[in-house]
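Visitor: Next come a sequence and a model predicted from it.
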Amino acid sequence: MTRTRLTAVVLVLAALATAAGWHRVARARAPAGGEPIVHLTAKKFEYAPSEITLRKGVPVILEITSLDRDHGFKVPALGIRADVKAGATTRVRIVPDRTGRFAFRCDVFCGSGHEDMSGELVVVE
Ligand SMILES: [Cu+2]
């Protein structure tokens, strides 16, 4: 094998190993059962993203991280609520059972502007 060909083979193997490694990392992020995780941050006075699209009947884990102080996460129409503690990450499992647009909001007073801390879950077929 020429030196050039050997180099090419090594590069291909390195690329394959990297791809396989990345795949393992991505899968490791899914909890047992493999439910997808949707990341959400909460801070005065917004959630990001403020709109989350979900599929009806498909379970997801919302991982909500507070970047500053205590907040809440409440989806009145779906009977969901959770505390989102300062500097911590809260996990909320959701299995939307119907389509529609469902408002969520902070229900732990976090200062002037708290009333506007809201977003929407959009559940599609
Ligand atoms: Cu608040």
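Guide: All right, it came through fine.
Visitor: Kindly state the domain boundaries assigned to this protein.
Guide: The record's domain parsing of the chain by automatic domain parsing lists 1-30, 37-124.
Visitor: Minimum distance to the ion: which of those domains has it?
Guide: Closest to the ion of those is domain 37-124 (CB to the ion; 3.2 Å). In short, each C-beta sits where N, CA and C put it, glycine included.
Visitor: buried sites along the helix or strand harbouring T90?
Guide: Taking DSSP states H and E as the criterion, the element that holds T90 is strand 89-94. By 16 or more other CB atoms under 10 Å, the buried positions in strand 89-94 come out as 90, 92, 94.
Visitor: for the ion, what are the nearby residues on this structure?
Guide: 106, 110, 114, 117 (CB under 5 Å from the ion).
Visitor: if we go to 8 Å?
Guide: Proximity of the chain to the ion (CB under 8 Å from the ion) is limited to residues 44-45, 71-72, 105-111, 114, 117.
Visitor: quick revisit: deepest of the domains of the chain, which one?
Guide: Mean neighbours per residue, mean count of other CB atoms under 10 Å, is largest over those for domain 37-124, with a mean of 16.
Visitor: so what secondary structure elements neighbour the stretch of helix or strand L62 belongs to?
Guide: Under the criterion of DSSP H and E, L62 resides in strand 60-66. Judged by 3 or more CB pairs under 8 Å, 6 or more residues apart in numbering; DSSP states H and E, the packing partners of strand 60-66 are strand 37-43, strand 80-84, strand 89-94.
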